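Participant: take a look and give me a structure for this.
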Amino acid sequence: MIGAFGLCASYSRSLLILGLLAGVGLPGLAAAMAPWLPEMVAILLVVTAFRIGHRAAFGALSDLRWSLPAVLILQLALPLVLVAVLNGAGLAGTPLALALVLACAAPTISGGASLAIILRQDPARMMQFLILGTAIFPLTIVPVLMAIPVAVDIGFLAGIALRALVIILGAAALGFALRHWTLRTPDARQIKAMDGASILFFAIIVVGLMTALGPMLRSDPVTALLWALAAFALSFGLQAMTLFLLRRSALAPVSGPLALAAGNRNIALFLVSLPQEVMAPVMIFVACWQLPMYLTPILLPRLYRLAG
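Facilitator: Coordinates of the predicted model:
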């Protein structure tokens, strides 16, 4: 088992590509996996927490003097600025504007630590951003929804965010406990195997997330391509901008994880918190949004070498 997971770590980028191809090319499998996404995400969080260990995670969580302002900038200031820019460009009320703003308002993805592992960044920091971002999401999303505006029950939205936070904390606690009880001081081979397990589950999850993209590629490839270009521009643009702004600042040591957090957001969180009629026009963007996130380790390794 250790050898098999170690092999997954060695071929991490290939696994992500296979996951994307399966999601697009096997729509029946993607549709069958979609209902199980919450459970699969919880398993990924357990595996990731097991890989990180509670010491590294708590060490990262202790430094809130810069991480909390960073998360507030990413989830509150950035989407509000984007709303102003899109309004000035005459795009207010369009599906594109809604998709871009929601993507910027969401917390970082649950698999962010897996991306960090592949790109040799700090996965504990990604876990920190995930927990912090999800915890304050009910507070940061209210001004953003008022600025769009979108009619939604704020109490219901807060309940969804609270449920997500409970799942994240519960899965993380289970992973930390298992690591503490079974593998307190892993050797290099065991760490590589844990990396491989995290990456394998991350690659499996994308199949279920690609449910909407395969049919769109077959029925209207031009529209799908335009939405994909918008997703790549936003995700890669945010990552590059964040990294270049921070790499020579006092936050240089965490510029890589912050860049990953900036450009890889959990827009799927809105699928269970906003009305279906609001999300229907941007469902294709939700599917296309997975492409830059899963291709980040393949297309942007040079960028992240700048972060050290």
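Participant: give me the buried positions along the top helix by length along the chain.
Facilitator: If each helix of the chain is counted by residues according to DSSP state H, the longest one is helix 154-182. Under the neighbour-count criterion of 16 or more other CB atoms under 10 Å, helix 154-182 has 157-158, 160-161, 164-165, 167-168, 171-172, 175-176, 179 buried. Every residue, glycine included, has its C-beta placed from N, CA and C.
Participant: show me what that helix is packed up against.
Facilitator: With contacts taken as 3 or more CB pairs under 8 Å, 6 or more residues apart in numbering; DSSP states H and E, helix 154-182 sits against helix 37-52, helix 54-61, helix 123-147.
Participant: before we move on, back to that, which one of the buried residues of helix 154-182 is nearest residue 75?
Facilitator: Top of the list for closeness to residue 75, among the buried residues of helix 154-182 and by CB to CB, is residue 161 at 11.3 Å.
Participant: tell me how far the closest one lies from residue 140.
Facilitator: Distance of residue 161 to residue 140, computed by CB to CB, to the nearest Å: 10 Å.
Participant: what's the spacing between the longest helix of the chain and its chain's center?
Facilitator: Distance, stretch centre to chain centre, for helix 154-182: 16 Å (CA atoms, centre = their mean, to the nearest Å).
Participant: how much does that helix deviate in direction from helix 123-147?
Facilitator: Put simply, helix 154-182 runs at 180 degrees to helix 123-147, going by axes from the mean of the first three to the mean of the last three CA atoms, to 10 degrees.
Participant: for the helix or strand that comes right after helix 154-182, give the mean pLDDT please.
Facilitator: Sequence order places helix 188-209 as the next helix or strand after helix 154-182, per DSSP states H and E. In this model, helix 188-209 has a mean pLDDT of 83.
Participant: now do the buried residues in helix 188-209.
Facilitator: The neighbour-count check on helix 188-209 (16+ other CB under 10 Å) flags 192-209 as buried.
Participant: now stretch 4-17
Facilitator: 5-6, 8-9, 12-13, 15-16.
Participant: tell me which residues are up against that stretch.
Facilitator: 117-118, 189, 192-197, 199-200, 202-203, 206, 294-295, 297-298 (CB atoms under 8 Å, 6 or more residues apart in numbering).
Participant: 10 Å instead?
Facilitator: The contact list for stretch 4-17, computed with CB atoms under 10 Å, 6 or more residues apart in numbering, reads 18, 47, 114-115, 117-119, 188-204, 206, 293-299, 301.
Participant: which ones are touching residue 260?
Facilitator: 108-109, 112-113, 115-116, 119, 121-123, 125-126, 129, 238-239, 242-243, 293, 296-297, 300, 304, 307 are the contacts of residue 260 under CB under 10 Å, 6+ apart.
Participant: want to throw the helices and strands packed on helix 154-182 into JSON lines with distance to residue 250?
Facilitator: Output for those, formatted as JSON lines (distance: least, CB to CB, whole Å):
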{"stretch": "helix 37-52", "distance to residue 250": "24"}
{"stretch": "helix 54-61", "distance to residue 250": "17"}
{"stretch": "helix 123-147", "distance to residue 250": "15"}
